[in-house]
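In: Got a sequence here, can you build the structure:
(one chain, ligands or ions: 2)
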Amino acid sequence: MPMLKDPSKKYKPFKPVNLPNRQWPNKTIDKAPRWLATDLRDGNQSLPDPMDGEQKLKFFKMLVDIGYKEIEVSFPAASQIDFDFTRRLVEEPGLTPDDVWLQVLAPCREDLIRRTVDSLTGAKKAILHIYLATSPCFRQIVFNMDKKQSLEKAVACAKYARSITKDDPAQAGTEWQFEFSPETFSDTEPDFAIEVCEAVKAAWEPTVENPIIFNLPATVEMSTPNVYADQIEYFCNGMTEREKFVVSLHPHNDRGCAIAAAELAQMAGAQRVEGTLFGNGERTGNVDLVTLALNLYTQGVSPNVDFSDICSVIQVVEESNKIPVNERWPYGGLLVTSAFSGSHQDAVLKGFKLRESANATEDDEWRMPYLPLDPQDIGRTYEAVIRVNSQSGKGGAAWVILRSLELDLPRALQIEFSKLVQQATEDANRELRPAEVVHLFEESYHLKSNPRFNLIDYSITTDRSQSPAPPEPGKALNTRNLKRRFTGVIEIDNVQHAVTGTGTGALSSLAAALATLGIDLDVIDYKEHSIGGRDSNGLGRDVKAATYIHCSAAGSKDKVWGVGIHADVVQASLIAMLSAASSFLASKSGSPAPFRPIRSNTLTNEDIQALEQLTGNSDAVASSGGLANKVNIDLLTKQAEA
Ligand SMILES: CC(=O)SCCNC(=O)CCNC(=O)[C@H](O)C(C)(C)COP(=O)(O)OP(=O)(O)OC[C@H]1O[C@@H](n2cnc3c(N)ncnc32)[C@H](O)[C@@H]1OP(=O)(O)O
Ligand SMILES: CC(C)C(=O)C(=O)O
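Out: Ligands and ions are numbered 1, 2, ... in the order given. Presented below is the predicted three-dimensional model:
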């Protein structure tokens, strides 16, 4: 059967309350309401498999830890499990903190109210909650009662409840609060709801010090949230003795607007909200207390409950309800603090960088594109903020590398690496985990090991023979301007090559040395920074240098990046150069592997002496960076002679 083309006969629009002078739209919420957590009652009653006593206890303890002071723990007349659980909370020392109120629910039936009150005997602080559906639909279909009968039933039950609680001397050890719910309030004629509640108030005789709680449920959410807010404001205005009752909300989520309804209704005068963590409850659920609390928090209002360990909360909720918390659930969902798409990542990363450069503390104003809440405030890590898939941009992968390896990649390297990541995500057709992004980076830039190039040994000396300006007579040589000479042994594809080259610094001298083998690279960009932290004595001994060099191949448009990390800053740049050289060989189509030098090597006798010293003399080795590999000096000599 298709859906009705004209549903107007079957479904009628909700008739809003007439409240032309409504005040609530001009109000804001500037303080947390009283919370009532009803996971163990309304949440529990909606589960295919309700919780057992142990599960309830675990959940109860978590609610207490979060900071809830009013907890609806059971429907004691429903099952022995619920009754016993309530008794346990009352009897077992230390389970219920002195400032926590145990709330229990019963329908307007004397036998069930009696049983319910019995479950609380001896409690320090108890809220007895009874309900009677007051809407025309329920009066007619469920109870076959008219308004008068309905009102009389509510009053009779309130009187009975009073007689066995606050009026019963045997119950004097308990501090009692009384809550009445005109169930289906949102579908009840507004004036009738007021009439019933006035009568119940008169029956209970609340005081300013101990007001009655009128819980006004949207048992079924039937209208837009503004209509619910109107109903609440209308109720508050219509009732007498406003200071003797607390208005409580109990929104369900049939239309998906429970959060909005709870917020607008607070603006309309409600002081208390009943709900469950992550909105478990009948049908589409109760209003979600986590979202409500964090909505307040992100407006700078303390919610008086603590979700700083949201992951543990989710774990207990899921194991108790056996219903997963949706990944997209506001605030708590696993994916809501993650950005996959490039534009989001770019914006978020710029936000983080700005905070970092401003040395922002936890307390500093949170201004972050796309993220209304600092994930760390609820125990989520920044690692999970950026995730990499085929929708991601350069910033995503760069962030992963930064967080995992501390490498702050230059922009052009980010762009180059993101192309590799893009290819990998498209090949895999899925998200790349951080470890996979790291692995791809390490492989691409030969971080763990360079498969083709190995710096066996080297020394860098000043080259007086190539001094740009000979010293004036009588003046010392300005060593700053002296050229540097790289002399070393580089293994390429398992063959050792003795090379030497001169340049303005270590890098250019190595570049010159490589050029003698036919590997012509010009360094066009260079960046370095330190990584690693301080040791246990607070000294920067564990600090390493990270070097990035961007090279162009002489005579071609090819450009390659090299990355090197080493405790020795010079060696880091030499390693980076060889990393670039390796990429250069790989990028050259038609380049034979293994590598064969296309130019002959010209090692002078001085070079060979230097190499002999380098490998034979342990002091020299130490001063050259302490490379351990042993060079076959005979082979090198022969190579040089040839
Ligand atoms: C909106 C809410 O969430 S309200 C809370 C709902 N929670 C629960 O119902 C969970 C616990 N409930 C139970 O364990 C059971 O339903 C009990 C123990 C309360 C009652 O069980 P039973 O006696 O078997 O009655 P049952 O549930 O079949 O039917 C309800 C009866 O109570 C009546 N009733 C229903 N609601 C109410 C009410 N608020 N006040 C008075 N009577 C009511 C019904 O008219 C029906 O009476 P009938 O049999 O004369 O027609
Ligand atoms: C008993 C009442 C408060 C209830 O659960 C509801 O109306 O949804």
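
In: Report the contact partners of the residue nearest the centre of the chain.
Out: Taking Cα atoms, centre = their mean, the centroid of the chain lies closest to residue 380, which sits 3.5 Å from it. Residue 380 makes contact with 310, 311, 337, according to Cβ atoms under 8 Å, 6 or more residues apart in numbering. No exception for glycine: its C-beta is placed from N, CA and C like everyone else's.

In: These, buried ones only, as a ChimeraX selection?
Out: In ChimeraX syntax, the buried subset of the contacts of residue 380 is picked out as below (16 or more other Cβ atoms under 10 Å):
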select :310,337
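
In: Which of the contacts of residue 380 fall in helices?
Out: Within the contacts of residue 380, residues falling in helices by DSSP state H are 310, 311.

In: Find the nearest non-adjacent residue to the residue of the stretch 351-500 of the chain found nearest ligand 1, please.
Out: Nearest residue of the stretch 351-500 of the chain to ligand 1: residue 378, at 29.5 Å (Cβ to the nearest ligand atom). In space, and not counting its chain neighbours, residue 378 is closest to residue 310: 4.1 Å by Cβ to Cβ, 6 or more residues apart in numbering.

In: Verify the contact between the one you found and residue 331 for me.
Out: Yes - using Cβ atoms under 8 Å, residue 310 is in contact with residue 331, at 7.4 Å.

In: Residues in contact with both of these two, list them for me.
Out: Contact with both residue 310 and residue 331 is made by residues 290, 378, according to Cβ under 8 Å, 6+ apart.

In: if we can go back for a sec, can you pull the pLDDT of the residue nearest to residue 378?
Out: Model confidence at residue 310, given as pLDDT, is 98.

In: quick one, what contacts it?
Out: 290, 331, 332, 378, 379, 380.

In: Got a quick ChimeraX command for the buried subset of these?
Out: Remark: buried members of those, expressed as a ChimeraX selection using 16+ other Cβ under 10 Å:
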select :290,331,332,378,380
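
In: Single out the residue in the stretch 301-450 of the chain that lies closest to ligand 1.
Out: Across the stretch 301-450 of the chain, the shortest distance to ligand 1 (Cβ to the nearest ligand atom) belongs to residue 321, at 16.1 Å.

In: Can you get me a residue count around that residue?
Out: Using other Cβ atoms under 10 Å, residue 321 has 25 other residues around it.

In: From what I see, it and residue 48 are in contact.
Out: No - assessed by Cβ under 8 Å, residue 321 is found out of contact with residue 48, at 9.6 Å.

In: so what's the nearest residue to residue 411 once chain neighbours are set aside up against?
Out: If the residues on either side of it in the chain are set aside, residue 411 comes closest to residue 394, at 7.9 Å by Cβ to Cβ, 6+ apart. Residue 394 makes contacts with 342, 411, 414, 415, 417, 418, as judged by Cβ under 8 Å, 6+ apart.

In: Which single one of the contacts of residue 380 is nearest to ligand 2?
Out: Lowest distance from ligand 2 to the contacts of residue 380 (Cβ to the nearest ligand atom) belongs to residue 310, with 25.8 Å.

In: related to what we said a few turns ago, need the contacts of residue 310 in a markdown table (columns: secondary structure).
Out: Shown next, in a markdown table, are those (DSSP: H, G, I helix; E, B strand; the rest coil):
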| residue | secondary structure |
| --- | --- |
| 290 | helix |
| 331 | coil |
| 332 | coil |
| 378 | helix |
| 379 | coil |
| 380 | coil |
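
In: Other residues contacting the strand or helix carrying residue 346?
Out: Using DSSP states H and E, residue 346 sits in helix 342-357. Residues outside helix 342-357 that contact it (Cβ under 8 Å, 6+ apart): 339, 364, 367-371, 382, 385-386, 391-396, 398-399.

In: Check stretch 27-36 too.
Out: Residues from elsewhere that reach stretch 27-36, judged by Cβ under 8 Å, 6+ apart: 68-72, 103, 246, 248-249, 263, 266-268, 270-275, 289, 293, 296, 299, 301-305.

In: hey, where'd the strands end up in the stretch 51-200 of the chain?
Out: Ranges of strands within the stretch 51-200 of the chain are 70-74, 101-107, 125-133, 175-183, based on DSSP state E, counting those that start in this stretch.

In: for the stretch 401-550 of the chain, same thing?
Out: Secondary structure of the stretch 401-550 of the chain, counting by DSSP E, counting those that start in this stretch: strands at 453-463, 483-492, 495-503, 521-531, 544-553.

In: List the neighbouring strands of the second one plus their orientation.
Out: Using DSSP bridges, the strands paired with strand 483-492 in its sheet are strand 453-463 (antiparallel), strand 495-503 (antiparallel).

In: contacting residues for residue 110?
Out: 157, 160.

In: Buried residues, the helix or strand harbouring residue 572. List them.
Out: Applying DSSP H and E as the criterion places residue 572 in helix 569-587. Applying a neighbour-count criterion of 16+ other Cβ under 10 Å, one finds 569-585 buried in helix 569-587.

In: likewise stretch 88-104?
Out: Quick answer for stretch 88-104 (16+ other Cβ under 10 Å): 88, 89, 90, 96, 100, 101, 102, 103, 104.

In: quick check: mean pLDDT across it?
Out: The average pLDDT for stretch 88-104 rounds to 98.

In: what bits of the stretch 451-600 of the chain have low per-residue confidence?
Out: Scanning the stretch 451-600 of the chain for pLDDT under 70 picks out 464-471, 476-481, 534-541, 555, 589-592, 598-600.

In: Tell me which residue of it lies closest to ligand 2.
Out: The stretch 451-600 of the chain approaches ligand 2 most closely through residue 533 (54.2 Å), counting by Cβ to the nearest ligand atom.

In: Show me the beta-bridge partners of residue 72.
Out: The partner residues for residue 72, given DSSP bridges, come to residue 103.

In: what do you get for residue 212?
Out: Beta-bridge partners for residue 212, by DSSP bridges, are residue 245.

In: Kindly state the pLDDT recorded for it?
Out: Note on residue 212: pLDDT of 99.

In: Could you pull up the residues touching it?
Out: Contacts of residue 212 (Cβ under 8 Å, 6+ apart): 177, 178, 179, 180, 200, 201, 204, 206, 244, 245, 246.

In: I'd like those residues laid out as JSON lines, including distance to ligand 1, pLDDT and neighbour count.
Out: As requested, the contacts of residue 212 are exported to JSON lines (distance: Cβ to the nearest ligand atom, whole Å; pLDDT from 0 to 100; neighbours: other Cβ atoms under 10 Å):
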{"residue": "177", "distance to ligand 1": "19", "pLDDT": "98", "neighbour count": "20"}
{"residue": "178", "distance to ligand 1": "16", "pLDDT": "99", "neighbour count": "24"}
{"residue": "179", "distance to ligand 1": "13", "pLDDT": "99", "neighbour count": "25"}
{"residue": "180", "distance to ligand 1": "11", "pLDDT": "99", "neighbour count": "29"}
{"residue": "200", "distance to ligand 1": "13", "pLDDT": "99", "neighbour count": "25"}
{"residue": "201", "distance to ligand 1": "19", "pLDDT": "98", "neighbour count": "22"}
{"residue": "204", "distance to ligand 1": "17", "pLDDT": "98", "neighbour count": "22"}
{"residue": "206", "distance to ligand 1": "21", "pLDDT": "98", "neighbour count": "21"}
{"residue": "244", "distance to ligand 1": "24", "pLDDT": "98", "neighbour count": "17"}
{"residue": "245", "distance to ligand 1": "20", "pLDDT": "98", "neighbour count": "23"}
{"residue": "246", "distance to ligand 1": "20", "pLDDT": "99", "neighbour count": "19"}
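
In: Ligand 2 contacts on the chain?
Out: Contact residues (Cβ under 6 Å from any ligand atom) of the chain with ligand 2: 42, 105, 131, 181, 183, 215, 217, 219, 250, 252.

In: how deep is residue 472 tucked in, by neighbour count?
Out: With other Cβ under 10 Å as criterion, residue 472 counts 9.

In: Low-confidence stretches in the stretch 1-150 of the chain?
Out: For the stretch 1-150 of the chain, applying pLDDT under 70 flags no range at all.

In: which residue ranges form the helices in it?
Out: Ranges of helices in the stretch 1-150 of the chain, per DSSP state H, counting those that start in this stretch, are 44-45, 53-66, 80-91, 110-120, 136-138, 147-163.
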